[in-house]
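1. pasting a predicted model and its sequence here:
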Amino acid sequence: MNIIPEKNYLTYPKGLKSWLFTLDHKRIGLMYLFAIMFFFLVGGIFALMIRLELFSPGKDIVSADTYNQLFTLHGAIMIFLFIIPSIPASLGNLILPLMLGAKDVAFPRLNLASWYIYVFGAMFAVYSMIAGAADTGWTFYTPYSIETNTAVISLTTGAFILGFSSIFTGLNFLVTIHKLRAPGMTWFKMPLFVWGLYATSIIQVVATPVLGITLLLLILERVAGIGIFNPALGGDPVLFQHFFWFYSHPAVYIMILPGMAIISELISVHSHKKIFGYKVIAYSSLAIAFISFLVWGHHMFVSGQSELAGMIFSFLTFFVGVPSGIKVFNWVATLYKGAVRFTTPMLYTFAFLILFSIGGLTGIFLGALSVDVHLHDTYFVVAHFHYTMMGGTVIAFFAGLHHWWPKIWGRMYNERIAKITAVLVFIGFNLTFIPQFIMGAHGMPRRYYDYLPQFQGMHELSTYGAYLLGFAFTIMAVYLIHSIFKGKPAGNNPWGGLTLEWQTTSPPDPHNFHEVPVWTHGPYDYDKIKVTPDLEKELETA
Amino acid sequence: MDVATDRPAYLAEHFTDAEQQKESAKLGMWVFLLTEILLFGGLFCAYAIYRAWYPDMFYNAHKHLDVVLGAVNTVVLILSSVTVALAIHAIQHNKRKQSIIFLTVTLLFAATFLVIKYFEYSHKIHLGMLPGKFYTYTGIEGTNPHIFFTIYFTMTGLHGLHVLAGMIVIGWVLIRTIKGHFNSEYYTPVENAGLYWHLVDMIWIYLFPLLYLVG
């Protein structure tokens, strides 16, 4: 019978103050989790409103101006407040030090500061919603973002502040991984989740300051008319695009690399099979981080950059697909002759493999110059982006959330309902976005309020899919919250993982481990070590 | 022997030993300096592009900057880098009083820099050599001279803010030195403040020739 330790990080110390001033990485991770899930809900509601408006041509529920604000807020909230902090700041904070066998991250106070900075930045974003939400799209392209009367300054100030939070998390993780690994854990004995977060942190630290200066200049442009991005004053609006994408393209790898990191972990644990090509997966994370800085120009094939630049960026874009492809092949090869368990985390992992592959391959279409001229600024781009970011990162996030949920709370959710929900998410997602690929290929432009009657059928399907997704996420919220209070104790190692977080109690002790753990084996040595998952032990005794 | 008594007061609970704590803090600082370089990197990039677009205007406009004041400020900052390095050297050898003196002198140099910058700025503002739409001066030939002052004010302005931030950090380290928090065993914050201050100086060393010595 599994029991929950009386003194764990959730119960000790007690009181609101002990949470608000906590330096415990697990509590900070949990506070991040609640914050990002709140904004996932807000961004999701905006998405559902957008889909409802697009159900039929012409006006359905909101005016054209409101519609522009809705898609701007949906994008800005989902990107800056949800998906960028999602995996690193919540699951990363919770699990990374445990995996390393450390007592905490290297700079616990900086960690807490990053959460407060996140909340502070979020307040600006929320304020901008009340004060006449921006209608520029989440990309804030000049010169329109200089001219519009909506609340661009408060939203960009919010994004600017959030950047610091992201940098602090990245900096903290880099130093933690370098300096706080358990005795015996050499670089190539680290779990792949750690490798993925390492690559992510590099991008966070290197790219985010460039977004910072870009947004600062945009704010100065609006406040003081400095002319740097304003063609009317001799400035260059395309320079804004270069600056913006120099951050924002690597930023999509800030979003996807942690997702890949989770999948690398889960695919091995839930098939009890040694990961195929450990070193190659680790190196490919670094390769993605490096190449991600050299492809930003593929967002500007039709913005008037030179043909030569277009060709180089197109080539490099194809090139960045290579390490991603390598990872997918390695994951699939890991499954071969493994003892695959069809657990909830594994179902999401399979969903990831399918959806991310579609998202990645359609990215290659868009990276091809002539094809992009046809497809750019259509729903094809929207669908591609959502297949990588939602089908990739968000699905991986939920895979990881279900995987580490019993470690975080010490309790299990109802697996049967969770599996049904996973299937609903998969169906709902495809129903939402496959029609968008088709519409896009037929020329339906993105961000349009109105459309030709010929697209109505596809838009209807997409809206149905979106509401199915919304329904599935509601069920997920219900069974997850229910499990916190009523779930069955999960045991220290419900899935039979070999990494260090499974060697401590569930939920972990406030100090993580009672004695300093020593790392004696590899993270996926299922060929050498036999381990029975606690959940399966329960079944056997029953 | 009780292990807990081995741990000095400055050693945070989650580190195994002082060495690990020191190395972590220094690595953290270097990574932070990297972010600073990329923050300024955007502006250096903008400088390169607009100088390539408007080479004649940049040449004409730069003549209106005061090379003497710029050069004096360069010397002031380089001297302040020397004094902060001496402060670290002093505390490494347990010479707390010396360290306090050198940190104070560093602060004075930093303040001197900002005062000189203030006089330069007010002169420009008085003549209407301002960024973007506020530019009213008429004496500079070439296309879009206001762009030069956009670059000038944003780059030196952001740098000035960093000087100010550096003064706060050095001031904080100074107070802690006076309180006796540091000695030859533990002086990481002094060293990290010094690292930050060197970066602030380095950026100015690039800004000075790029803005004041065009052509």
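-> That came through fine. Numbers count the residues shown, from 1 in each chain, chains lettered A, B, ... in the order given.

2. can you list the residue ranges for strands in chain A?
-> Applying DSSP state E to chain A gives strands spanning A:411-412, A:488-489.

3. residue A:376: neighbour count?
-> A count of nearby residues for residue A:376, using other CB atoms under 10 Å in any protein chain shown, gives 19. Where you see a C-beta, it was placed from the backbone N, CA and C, and this is true even at glycine.

4. OK, contacts around it?
-> Residue A:376 makes contact with A:301, A:302, A:366 under the criterion CB atoms under 8 Å, 6 or more residues apart in numbering or on different chains.

5. with residue A:128 instead?
-> For residue A:128, counting by CB under 8 Å, 6+ apart, the contacting residues are A:134, A:151, A:154, A:155, A:158.

6. okay, the spatially closest residue to the fourth one that is not a sequence neighbour: pLDDT?
-> Excluding its sequence neighbours, the residue lying closest to residue A:155 (CB to CB, 6 or more residues apart in numbering or on different chains) is residue A:128, at 4.0 Å. The pLDDT attached to residue A:128 in the predicted structure is 94.

7. same deal with residue A:526?
-> 95.

8. in this structure it contacts residue A:273, no?
-> Yes. Counting by CB atoms under 8 Å, residue A:273 is a contact partner of residue A:526 at 5.6 Å.

9. tell me where the chain is predicted with low confidence.
-> Here I'm looking at chain A. Applying pLDDT under 70 to chain A flags the ranges A:1, A:539, A:541-542.

10. chain B was what I was after
-> Using pLDDT under 70, chain B drops low at B:1-5.

11. please determine how far the spatially most central residue of it is located from residue A:335.
-> Nearest to the mean C-alpha position of chain B, by CA atoms, centre = their mean, lies residue B:200 at 2.2 Å. As judged by CB to CB, to the nearest Å, residue B:200 and residue A:335 stand 53 Å apart.

12. equivalent analysis for residue A:287, please.
-> 23 Å.

13. and chain B, which residues reach chain A?
-> B:12-16, B:20, B:23-24, B:27-28, B:31-32, B:34-36, B:38-43, B:45-46, B:49, B:53-54, B:131-134, B:143-144, B:146-147, B:150-151, B:153-154, B:158 (CB under 8 Å from any CB of the partner chain).

14. residue 193: what's it in contact with?
-> Using chain A here. Contacts of residue A:193 (CB under 8 Å, 6+ apart): A:95, A:96, A:99, A:261, A:262, A:264, A:265, A:499.

15. oops, chain B please
-> Residue B:193 neighbours (CB under 8 Å, 6+ apart): B:84, B:166, B:169, B:170, B:172, B:173.

16. count of neighbours near residue A:388?
-> Residue A:388 - counted by other CB under 10 Å - has 22 other residues nearby.

17. tell me where the stretch 201-350 of chain A has helices.
-> Secondary structure of the stretch 201-350 of chain A by DSSP state H, counting those that start in this stretch: the helices cover A:237-269, A:278-291, A:307-335, A:344-367.

18. any idea which of those helices is most buried?
-> helix A:237-269 (a mean of 25; mean count of other CB atoms under 10 Å in any protein chain shown).

19. does anything pack onto that helix? Which helices or strands?
-> The elements that helix A:237-269 packs onto, with contact taken as 3 or more CB pairs under 8 Å, 6 or more residues apart in numbering or on different chains; DSSP states H and E, are helix A:84-85, helix A:192-224, helix A:278-291, helix A:307-335, helix A:344-367, helix A:395-409, helix B:18-53.

20. if I look at the residue of the stretch 351-500 of chain A found nearest chain B, how far off is residue A:428?
-> As assessed by CB to the nearest CB, chain B sits closest to residue A:500 within the stretch 351-500 of chain A, at 15.3 Å. Distance, residue A:500 to residue A:428, by CB to CB: 36 Å.

21. ok, the two, which is more surrounded?
-> residue A:500 (23 against 20).

22. so who does the closest residue in space to the more buried one that isn't next to it in sequence touch?
-> Closest residue to residue A:500 apart from its sequence neighbours, by CB to CB, 6+ apart: residue A:101 at 4.8 Å. Shown in contact with residue A:101 (CB under 8 Å, 6+ apart): A:181, A:182, A:183, A:185, A:500, A:512, A:513, A:516, A:517, A:518, A:519.
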